[in-house]
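> Predicted coordinates and the sequence they were generated for:
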Amino acid sequence: MEKLNFLHLTDLHLGVAGMRELWPRVERNLRDDLKFLVKEAGGLDLVCFTGDLTQQGKKEEFAEVGKFLQRLWEHFASLGQRPCLLAVPGNHDLVRPAEKDPVVLSLTKLWADPMVGPEFWNDPQSQYRHLIEDAFTNYREWWDGLPLPHLPEGPPTGMLPGDFAVTFRKGELKIGILGLNTAFLQLKGGMDEGSLALDLRQFHAACGGNGPAWAQQHDACLLMTHHPASWLRPEARNDLEGEIHYPPESFALHLFGHMHEADLSALSSGGGSERRRLQGTALFSQEGWSKIDQRQRTCGYTLGSFSFDQGAASLQLWPRKALRGAGRTWDIKVDHERFEIPKGGEATRVMPLRLPEKNADAADASPPGGIPAVPPVPRRKYAGLVGPANFREVHNLLAELLTKSDVPSPVRIKNIALDMEMTWALIRDDIMSRRWGKRLEWQTLMVDGRAKAITQLRNAGSLISPKMAKARETEIGEFCGSKAQYIEEHNFGFACRVYAEVPLMHGFLVDDRILFVGLCSNDGKAWTTSPYLQFIRNPEKRSELDGEIARHFIQVFEGWFDAHWNAPAARRVWPREPAQTPPG
């Protein structure tokens, strides 16, 4: 019989406030308990760290993590062990960019847009991928310089920072370990469960082009992510459970953290094999280690052991949890609360595993459509273009732009508005009052003041007023109805419709070429908008990067506008809905 033992650590959060004072005692308890547990399990081969090693992804935090791991490996050496480290990054292991960075706003607010998500996956040179590369720079540089035995070694081959697929050999055993970055989209605080991304292409790219064939070459495989499946968007969860971790036995165990509480589940769907998951307890949580009463989070780790004997396989776990003992001091004991442990024992019962049939030649059977491994993305600077500071400046720039002689006729403007408090005043008192030398076609989308999504907005303040939107809708219809001939005489074509969704942006697109756009956000206290950004689609662009950013924002704005303008729910404000002719 052959065995492979692994230690699952997660959510260290080194650098969190208060940790410096508490950590020395925690580390001492950890070493003492590991001395007992490694002997109990019969050795240690792998240490699997599923993210959030640091609190803010700072270089100095990673340096301290390195020192802690060095001390831990020295302790392992004193026990006669030299395990190999594997890790995936968590959402605290990246350096968060500015929340109002236009690229961040696109990734976090417009991911589902067909011009955002697909471009992220398909274009390694896009500004989205460069932002992610930069966010994980400290993590990647720390990993590359780590002096401990670790896998993978050498240049990364995965699609995103932290993606990897490696083979660990022990005697005749070949164990595959797949690590996938699920944290890259959590670029700001307050993101909800079910909002993160993962893609099948990560699996294939990490595995050399054919993920299932890679898995079949091994006796058993482990999957490592930071987040559980519940934190993924529906399409990402489908990829994880329907393609990557499928059939369920293709990975003997899925290790993850993030939730700071331990849990072992083995679920069967539709009568198929069980999909086995191990959610790790936070290795350090200040709530758990420092509070005497009313602890909100547990702390601990798990040691596991796979056994292989003549085609049969099994799993046994030693789950650990921080408990307060005699003298009100913390100690690490077996976790009876969340695991079924036989009376007087330290480990779970031995759980039989079903493994897929091994196929050593699977690598030679790559289908013609196999996805090639993705080379690491060369890092490049990205930038946004700061535009007008407020609506008045936009007003002045639009007026100046529309009077230029080199602007061809007709001039077409697509306007996404909020409640039209200021925009309608601009249109009515300025635009409509001029006699234009060229034809001006203006389309406005405004929020529907009667829509449930708008009337139930919290903390909207004066930015989005349902009452103002309803009043403006009535005024626009009455004014345009009474001034239709006057408006046409001024060579001005005007149309307005409403949309019934929470606003993401507002602004003006002139001739599909010049865009002024502000992005909406809610920090839980109030709705705000970013300063206007200005983008220009210009054949004489200043640089390739400026052109790329301009192209993207113009396409997103125009695509969103056209989709909502032509949607069945887009009620007409002006011209009014055509009268229905009675039958017969």
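All right, it came through fine.
> domains for the protein, by residue range?
With automatic domain parsing as the criterion, the domains of the chain are listed as 2-95+136-365, 96-133, 391-574.
> mind listing what's buried in the second one?
Spelled out, it's domain 96-133. Taking 16 or more other C-beta atoms under 10 Å as the neighbour-count basis, domain 96-133 is seen to contain the buried residues 96-97, 100-108, 110-111, 113, 115-117, 119-121, 124, 126-133. No exception for glycine: its C-beta is placed from N, CA and C like everyone else's.
> Just the pLDDT at the residue nearest the centre of the chain, thanks.
By C-alpha atoms, centre = their mean, the mean C-alpha position of the chain lies nearest to residue 185, the distance being 2.1 Å. If you check residue 185, the pLDDT there is 96.
> what's the answer for the one 3 residues further on, then?
We have a pLDDT of 89 for residue 188.
> Repeat that for the one 10 residues further on.
The confidence metric pLDDT takes the value 97 at residue 198.
> Begin at 510 from now on, thanks
Yep, numbering from 510; the last one is residue 707 now.
> That one should be in a helix, yeah?
No - counting by DSSP: H, G, I helix; E, B strand; the rest coil, residue 707 falls outside a helix, being coil.
> Lowest average confidence across the domains of the chain, which one?
For the domains of the chain, where the average pLDDT is lowest is domain 900-1083, sitting at a mean of 84.
> related to what we said a few turns ago, let's see which of the buried residues of domain 605-642 end up in helices.
Residues from the buried residues of domain 605-642 lying in helices, with DSSP state H as the criterion: 611-617, 626, 628-630, 636-642.
> For stretch 766-773, what is the distance to the chain centroid?
Centroid separation between stretch 766-773 and its chain, computed with C-alpha atoms, centre = their mean, to the nearest Å, is 19 Å.
> nope, stretch 986-998 is what I was after
On C-alpha atoms, centre = their mean, the centre of stretch 986-998 falls 48 Å from the chain's centre.
> What is the end-to-end distance of it?
Start-to-end span of stretch 986-998 (C-alpha to C-alpha, to the nearest Å) is 18 Å.
> what are the ranges of the helices in the stretch 510-659 of the chain?
Taking DSSP state H, counting those that start in this stretch as the criterion, the stretch 510-659 of the chain carries its helices at 528-550, 568-587, 611-618, 626-631, 636-644, 646-653.
> any chance of these in CSV, plus distance to residue 935?
CSV is the format used below for the helices of the stretch 510-659 of the chain (distance: least, C-beta to C-beta, whole Å):
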stretch, distance to residue 935
helix 528-550, 53
helix 568-587, 48
helix 611-618, 24
helix 626-631, 33
helix 636-644, 32
helix 646-653, 44
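> For residue 597, find the nearest of those.
helix 646-653 (9.8 Å; C-beta to C-beta).
> ok, and what's touching the helix or strand just after that closest one?
Next helix or strand after helix 646-653 toward the C-terminus (DSSP states H and E): strand 673-679. Here strand 673-679 makes contact (C-beta atoms under 8 Å, 6 or more residues apart in numbering) with 511, 513, 554-555, 593, 595, 660-661, 665-667, 683-688, 715-717, 720, 723, 726-727.
> partners of strand 673-679 in the sheet?
Next to strand 673-679 in the sheet, as set by DSSP bridges, lie strand 682-688 (antiparallel).
> For the partner strand, C-alpha coordinates in PDB please.
In PDB, the C-alpha atoms belonging to strand 682-688 read as follows (Å, rounded to 0.1, in the frame of the first residue of the first chain):
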ATOM      1  CA  LEU A 682       2.400   7.100  -7.600                       C
ATOM      2  CA  LYS A 683       1.600  10.000 -10.000                       C
ATOM      3  CA  ILE A 684      -0.500  12.600  -8.300                       C
ATOM      4  CA  GLY A 685      -1.800  15.600 -10.400                       C
ATOM      5  CA  ILE A 686      -2.500  18.900  -8.700                       C
ATOM      6  CA  LEU A 687      -4.400  21.600 -10.500                       C
ATOM      7  CA  GLY A 688      -4.500  25.200  -9.100                       C
END
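> now it: how far from the chain's centre is it?
The answer for strand 682-688 is 25 Å, by C-alpha atoms, centre = their mean.
> Show me the contact partners of that strand.
511, 513, 555, 557, 595-597, 660, 667, 671-678, 712, 715-716, 720, 723-724, 726-734, 753, 760, 815, 817.
> Just the buried ones from those residues?
513, 555, 557, 595-597, 660, 667, 671-675, 677, 712, 715-716, 720, 723-724, 726-734, 753, 760, 815, 817.
> on that earlier part again, find the helix or strand that the residue nearest to the centre of the chain is a member of.
Applying DSSP H and E, one finds residue 694 in no helix or strand.
> Pretty sure residue 616 is one of the things it touches, is it not?
Yes - in this structure residue 694 lies within contact range of residue 616 using C-beta atoms under 8 Å: 6.3 Å.
> how deep is the nearest residue to residue 549 once chain neighbours are set aside tucked in, by neighbour count?
Closest residue to residue 549 apart from its sequence neighbours, by C-beta to C-beta, 6 or more residues apart in numbering: residue 855 at 6.0 Å. By the criterion of other C-beta atoms under 10 Å, residue 855 has 16 neighbours.
> Which secondary structure state is assigned to residue 855?
Going by three-state DSSP: residue 855 is coil.
> Distance-wise, check it relative to residue 956.
Distance, residue 855 to residue 956, by C-beta to C-beta, to the nearest Å: 60 Å.
> Repeat that for residue 1063.
Residue 1063 is 22 Å from residue 956, by C-beta to C-beta.
> Compare those two (neighbour count), which wins?
residue 956 (30 against 20).
> export the top strand by length along the chain as CSV, just CAs?
With secondary structure taken from DSSP state E, the chain has its longest strand at strand 821-833. The C-alpha atoms that make up strand 821-833 are tabulated as CSV, following Å, rounded to 0.1, in the frame of the first residue of the first chain:
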residue,chain,number,x,y,z
ALA,A,821,-8.5,0.8,-4.5
ALA,A,822,-8.1,4.2,-2.9
SER,A,823,-9.3,5.9,0.3
LEU,A,824,-9.1,9.2,2.2
GLN,A,825,-8.7,10.0,5.9
LEU,A,826,-8.6,13.4,7.5
TRP,A,827,-7.2,14.8,10.7
PRO,A,828,-9.2,18.1,11.2
ARG,A,829,-7.9,20.5,13.7
LYS,A,830,-9.5,23.5,15.5
ALA,A,831,-8.4,26.1,18.0
LEU,A,832,-10.1,25.6,21.4
ARG,A,833,-9.7,27.4,24.7
